[in-house]
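Asker: When you get a sec, could you give me coordinates for this:
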Amino acid sequence: MKKADFHIHTNYSDGVFTPEKIVDTALEAGLEAIALTDHDNTLSYGIAQEYLKSINKENSLEIIQGVEINTMYKNYEVHILGYFMNTEDEDFKNLIKNQQEARVNQTLEIIDLLDKKEGIKISFDSILAQVAQGGSIGRPHIAKAITSAGGTDSVMESYSKYINDNSPVYVQRKTVSPQDAVEIIYDAGGIPVIAHPHDIDIAETLIKDLMSYGLRGIEAYHRKHSPAVVEYFSSMAEKLGLIVTGGSDFHSPNMLNGQILLGKHFIPEWIYDKLIQEKKRLDMA
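Answerer: Numbers count the residues shown, from 1 in each chain. As a prediction, this is how the structure comes out:
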């Protein structure tokens, strides 16, 4: 058993820490296993591994290859986590390529509409500059660019006025379905898991459907999930024969927890064992 956090973002998507800073923070927090799960890319993994090796801490922290794929299903945004997949698998590489292209196209369309409809001029470069090279741009970066350009007084105002489905300048990303994401991760030797399912009011029906495509886990432990929600999805996982995973969904230091990854405080250590056992089971199948 290991103290673990299997849902962490870096500046290769919408997190604020570099992969190196995440490694340092995880070590300081006493974590023994982490997964870097940036949105729609896996670039931070190799950097974190190299850094861990350079500081001679390889035996102190295990880093698991992870990803979080943003998908759409019946107007629901559904996030699919993947662990241990072969990132050189052709279908997986194409998935990441298509997801990145969709993010760029969405951003360019929103920039154009902001200019034409609201008179707010932001540059694509101002958005791109907010992520590490090759990283995933998204709504948080657009919102910050709007505020920096003087379009709003705060990032929250940018969200409420422009970065939501009801805004006349917002364009929905043309992204993959959760079924396809699950199947591609599974076929690439990975463990597909539905992330923070409490966000989806059709979660149970969707989970049962995704099982036929290879879904193997439910993220029951999440910083947004109350004890009752954790119990609900843990019971569902047991009933359906799925594993339970967990993570803080860490993006930036929390005001109450300083620079400690939240996973240290509430994710049971047996989560690690279940994930490893599931990977071994899939490898033998």
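Asker: chain center to whichever strand or helix holds residue 275: distance?
Answerer: Residue 275 belongs to helix 270-284 when assigned by DSSP states H and E. In terms of CA atoms, centre = their mean, to the nearest Å, the gap separating the centre of helix 270-284 from the centre of its chain is 20 Å.
Asker: and if you look at stretch 123-132?
Answerer: That offset, for stretch 123-132, works out to 19 Å (CA atoms, centre = their mean).
Asker: avg pLDDT for it?
Answerer: Averaged across stretch 123-132, pLDDT comes to 96.
Asker: and it, how far apart are its ends?
Answerer: Taking CA to CA, to the nearest Å, stretch 123-132 runs 17 Å from one end to the other.
Asker: do stretch 106-126 as well
Answerer: 15 Å.
Asker: next one: that stretch to chain centre, how far?
Answerer: Worked out by CA atoms, centre = their mean, stretch 106-126 lies 25 Å from the chain centre.
Asker: returning to that earlier point: check which helices and strands the helix holding residue 275 is in contact with.
Answerer: Secondary-structure packing of helix 270-284 (3 or more CB pairs under 8 Å, 6 or more residues apart in numbering; DSSP states H and E): strand 4-8, strand 191-194, strand 217-222, strand 243-247. No exception for glycine: its C-beta is placed from N, CA and C like everyone else's.
Asker: please redo it, this time with the cut-off set to 7 Å
Answerer: Under the contact criterion of 3 or more CB pairs under 7 Å, 6 or more residues apart in numbering; DSSP states H and E, helix 270-284 touches strand 4-8, strand 191-194, strand 243-247.
Asker: Can you give the contact residues for that helix?
Answerer: 1-2, 4, 6, 33, 83-84, 189, 191, 216, 221, 243-246 (CB atoms under 7 Å, 6 or more residues apart in numbering).
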